[in-house]
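J.: Sequence plus predicted model, see below.
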Amino acid sequence: MPRIIPIRDLKDTTAISQMCNESDEPVYITKNGYGVMVIMSMKAYEEMFENAAIDAAIMKAEAEFTQGNKLCDAKETLSSLRKKLWLMV
């Protein structure tokens, strides 16, 4: 369940920091009953961006597939890469 606190509660920074670190959920800050900002732990923030990058890569791959771009067989590609690697050694 999301945590929602009024902006005046931001004065207690230690409690806010603890609240953010106890949960992976963001804390929503309101002013006069309206949302004005969101704060979260660094861990949750980094995970959010990692997930966004993964989602973007999946969307790109799906778009390439639907456009009919050449697909490669994984076993053949790995075999080819191994052969190239052995030639370099």
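T.: Okay, I see it.
J.: Low-confidence regions, this structure specifically.
T.: Confidence mapping of the chain against pLDDT under 70 gives the ranges 89.
J.: hmm, try it at 50
T.: The chain contains no residues with pLDDT under 50.
J.: I'd like the next helix or strand past the longest helix seen in it.
T.: Criterion DSSP state H: the longest helix present in the chain is helix 42-66. Using DSSP states H and E, the helix or strand that follows helix 42-66 in sequence is helix 74-88.
J.: Give me the packing partners of that following helix, helices and strands only.
T.: The helices and strands touching helix 74-88, judged by 3 or more C-beta pairs under 8 Å, 6 or more residues apart in numbering; DSSP states H and E, number zero. Yep, even glycine has a C-beta here, placed from its N, CA and C like the rest.
J.: who touches it?
T.: Helix 74-88 is contacted by no other residue when judged by C-beta atoms under 8 Å, 6 or more residues apart in numbering.
J.: Only C-alpha atoms, please: export it in CSV.
T.: This file holds the C-alpha atoms of helix 74-88, laid out as CSV (Å, rounded to 0.1, in the frame of the first residue of the first chain):
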residue,chain,number,x,y,z
ALA,A,74,21.6,-19.0,-31.0
LYS,A,75,23.6,-22.3,-31.5
GLU,A,76,24.9,-21.3,-34.9
THR,A,77,25.9,-17.8,-33.6
LEU,A,78,27.7,-19.1,-30.6
SER,A,79,29.5,-21.7,-32.7
SER,A,80,30.6,-19.0,-35.1
LEU,A,81,31.8,-16.7,-32.3
ARG,A,82,33.8,-19.6,-30.7
LYS,A,83,35.5,-20.3,-34.0
LYS,A,84,36.5,-16.6,-34.4
LEU,A,85,37.7,-16.6,-30.8
TRP,A,86,40.0,-19.6,-31.4
LEU,A,87,41.4,-18.0,-34.5
MET,A,88,42.4,-14.9,-32.4
